[in-house]
Structure formats: C-alpha cells, structure tokens
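*Asks:* Have a look; sequence and predicted model below, questions after that.
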Amino acid sequence: MTTLRTLKALEQEGLVAADPRLAEAAQSMAIALTPEMLGLIDRGDLAHDPIAKQFVPSVHEIEVAPEELADPIGDEVRSPVKGIVHRYPDRVLLKPLHVCPVYCRFCFRREKVGPGGEALSAAELSAALAYIRDHDEIWEVILTGGDPLMLAPRRLGELLAALDAIPHVAVIRIHSRVPVVDPGRITDELVAALKPRRAGLWFGIHCNHARELSPEARGALARLADEGFPLLGQSVLLAGVNDDVDTLEQLMRALVTARVKPYYLHHPDLVRGTGHFRVAIERGQALMKALRGRLSGIAQPSYVLDVPGGHGKVPIGPGYLGDDPQALTVEDAFGEQHSYPPR
Ligand code: SF4
C-alpha cells in the first residue's frame, strides 16, 4: 500500500464520493494520506472520524471567509531571505522544503505545501545559512516546512552539520509529523544522521488525536526518546477532531506516556477554506480550564494564538486571577474562587 495522493484513490478506498465541489477543494491543496493513517480510519463512522477529517478533503474547503488569509501567520513579511522567517531576535525558522508525508486540510501553510511546493535550491540554502551565520543573535534554528524529516538522511545530516558548525546556534529544533504519520521513516540511517551534535537537538511532534499514536508511531517516538532527544508535542485545536475535553485529555495523556511533553495547543489560524475546523477562543479557554482540573502539570500544553500579520505567538489563557487588584481573587482548578493578598 502506498500513500493515497488523488481524489480518485480516495474514492476507490470509499473515503469520498464523486463530487465536483470536492474536485474544486482538492485544487487548493495537495492530497496525501499515508497507509498508517488510512489504517486508523474508522470506516463505520467516516463522517465523524477524527483521522479522516484531518486528511480527506471536504467540500467546506471551497467556502472562504473574508477574514481568512493566504499567509495567516505572516511568514512572508518576516522573511529576510528565501527559506528564513525571522520573527523574534533570538530564533529563526528555516524551511528547506515544502513536502510533507501527509497534507493536513487545516494546514497554516496550505497554500505553500505540496509536492510541487518550492524547495530551496543549493544556492538558496547557502544564502539562508549565510544569513544565520551573519546574525550572531540567532540562538535557535527551527527546521520546519513542509516536514524536514522528508529530507533524505544524507541531506538532513549535511544540513544539521552546517548548522552545528555555526558557533552561536545553540539549539536546533525539528518540527515534524513523520514519527506519527509515517513512522517507518525513523530508520537507523535517519537516526544516525541526527548525531553527533554540538548544539542541542529538540523535536516538535505534531499530533492531534490519541488515535494517531499507533504502536508503530509510539515505537518511532520511543526510538527518538531513547536517543536522548527531548520531544515536545504540538497540537491544533480542531472542531470535530479534538474539541472536547475527554479527547484532549486522552491526547495529552497519550503524548506524555510516549515521552512527548505537550507544549502548544494551537488555536486554529485564519487559513482560507478552513472555517469548518475553527473553534471559538472562549471554547478553547473553557477546554483548557477543564484540562487544568484533570491533568498533571507535565500534561498541560499552553493554549496559543499566532497573531495574524507575523507578530508571533501569545498565550491566550484562560486566566485565573480576578480583575480587581485591590481585592485579588484566584480561581482554583475546580472553579472555586479564593482571595489572595496583592503582594
Ligand atoms: S505536516 Fe505540517 S506543514 Fe505539512 S500539511 Fe500538515 S500541518 Fe502543514
């Protein structure tokens, strides 16, 4: 079984019915559904299946609201050279390619990613590395894209070695969905390409539902954890996928059990054609409050919003302190209010 990449292939698998609106939706973004994710889809309840919803195109993708943006987190305005996004002084994103193992229908870079998406040429990658070399305030480089683990191990190893040779780069972070959606790619050869490193190497692992963590995915994550790499979990709050407290609780517990520390729960970005995935911020805050009462601190992510226009991420609550600085109150994890001295 290979990755499904066309509407026809999804139709043959019984995942969609022929519909001209779907053909239109599929034009706006590439399709990829790995055998591992296909195997996790519950055919008995396709319309509500949280795995299918993430990767199978929907007719709702042709509905574009006026506030939705082609570049929802403002990568372009913060890009001094091709492949680099420099939003905060001490860190940059480096995007060597725009290919992914799956294409998530809610992706914040949905208009960039895909098999025909731009990859950096050798000259462009050199220019991007030169930019990092020339800016000694850059302490951390975040490899993203696309999915950096789609690079051949040799190329990934060369890129990591080039970054490792820049003395002021102390930390390299790889953001990836590969260990979860295509765990067979975490091979000995790939792991060998990840070391040895002077800089600290971290992983951000994208996972939105506990069911994504198949035995194979957990094996791939264990492989990375056993090598000593710290693993952080990144999840997107998605209507119909994980926007209820039981599902989020299971996801966070499953991540921690797999030695992945939940890091961010992203509020969904204002991506064109993804209104059907969006959840009200108030609802997200209520879910976070409910999680506070249920989960240990190591299983709590920060609920964050990327401010449109390239202004970066901020935590968006919920807050636990009352508004009156003279008569301060603090709410506990179970909703009870308590007074607290202002200092
Ligand atoms: S793996 Fe990441 S970059 Fe690729 S489609 Fe999914 S969310 Fe977008």
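*Replies:* On my side now, so go ahead. Numbers count the residues shown, from 1 in each chain.

*Asks:* List the pairing partners of whichever strand or helix holds Tyr263 within its sheet, with orientation.
*Replies:* Under the criterion of DSSP states H and E, Tyr263 resides in strand 261-266. Strand 261-266 pairs in its sheet with strand 231-236 (parallel), strand 302-306 (parallel), by DSSP bridges.

*Asks:* wait, does it make contact with the ligand?
*Replies:* No: Strand 261-266 lies apart from the ligand when judged by CB under 6 Å from any ligand atom; the minimum separation is 9.9 Å. The way it works is simple: take the backbone N, C-alpha and C, and place the C-beta from them, glycine included.

*Asks:* I'd guessed Val56 sits against Cys104; true?
*Replies:* No: under the criterion of CB atoms under 8 Å, Val56 makes no contact with Cys104, lying 10.8 Å away.

*Asks:* re earlier: need the winner for burial among the strands paired with strand 261-266.
*Replies:* Mean neighbour count (mean count of other CB atoms under 10 Å) peaks for strand 231-236 among the strands paired with strand 261-266, with a mean of 22.

*Asks:* Show me how far it is from its chain's centre.
*Replies:* Centre-to-centre, strand 231-236 and its host chain are 7 Å apart (CA atoms, centre = their mean, to the nearest Å).

*Asks:* got it, and stretch 220-230?
*Replies:* For stretch 220-230, the distance to the chain centre is 18 Å (CA atoms, centre = their mean).

*Asks:* got a list of contacts for whatever helix or strand Ile51 lives in?
*Replies:* Taking DSSP H and E as the criterion, Ile51 maps to helix 50-55. Helix 50-55 has contacts (CB atoms under 8 Å, 6 or more residues apart in numbering) with 15, 31-33, 37, 40-42, 46, 102-106, 208-209, 211-212, 238, 240-242, 247.

*Asks:* quick revisit: will you turn the strands paired with strand 261-266 into CSV that also has mean pLDDT and distance to Gly284?
*Replies:* CSV is the format used below for these (pLDDT from 0 to 100; distance: least, CB to CB, whole Å):
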stretch, mean pLDDT, distance to Gly284
strand 231-236, 98, 11
strand 302-306, 97, 6
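
*Asks:* how about those in TSV, adding distance to Glu118?
*Replies:* Rendered in TSV, the data for those read as follows (distance: least, CB to CB, whole Å):
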stretch	distance to Glu118
strand 231-236	23
strand 302-306	21
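
*Asks:* Would you confirm that Gly322 contacts Thr329?
*Replies:* Yes: taking CB under 8 Å as the definition, Gly322 is a contact partner of Thr329 at 3.7 Å.

*Asks:* list residues touching both of those two?
*Replies:* Counting by CB under 8 Å, 6+ apart, the contacts common to Gly322 and Thr329 are Gln337.

*Asks:* re earlier: relative to the ligand, which of the strands paired with strand 261-266 is closest?
*Replies:* The ligand lies closest, by CB to the nearest ligand atom, to one member of the strands paired with strand 261-266: strand 231-236, at 7.6 Å.

*Asks:* after that closest one comes which helix or strand?
*Replies:* Strand 231-236 is succeeded, C-terminally, by helix 245-257 (DSSP H and E).

*Asks:* neighbouring contacts of the helix or strand Ala217 falls within?
*Replies:* Using DSSP H and E, Ala217 maps to helix 215-226. For helix 215-226, the external contacting residues (CB under 8 Å, 6+ apart) are 36, 178-181, 183-186, 191, 203, 205, 213, 231, 258-260.

*Asks:* what's the burial count for the residue in the stretch 201-343 of the chain that the ligand sits nearest to?
*Replies:* Shortest the stretch 201-343 of the chain-to-the ligand distance, computed as CB to the nearest ligand atom: residue-wise this is His206, at 5.7 Å. Using other CB atoms under 10 Å, His206 is surrounded by 22 other residues.

*Asks:* from now on call the first residue 11
*Replies:* New numbering, starting at 11: the last item is His216.

*Asks:* For it, give me its contacts.
*Replies:* 185-187, 190, 244-246.

*Asks:* Leu161 and Ser136, how far apart?
*Replies:* To Ser136, Leu161 is 16 Å away according to CB to CB, to the nearest Å.

*Asks:* Just the contacts of helix 225-236: which are in helices?
*Replies:* Among the contacts of helix 225-236, the ones falling in helices (DSSP state H) are 46, 188-191, 201.

*Asks:* of those, closest to the ligand?
*Replies:* The closest of the ones in helices among the contacts of helix 225-236 to the ligand turns out to be Val191 (CB to the nearest ligand atom; 7.6 Å).

*Asks:* How about the closest one: what's its closest non-neighbour residue?
*Replies:* Using CB to CB, 6 or more residues apart in numbering and skipping the chain neighbours, the partner closest in space to Val191 is Val112 (4.8 Å).
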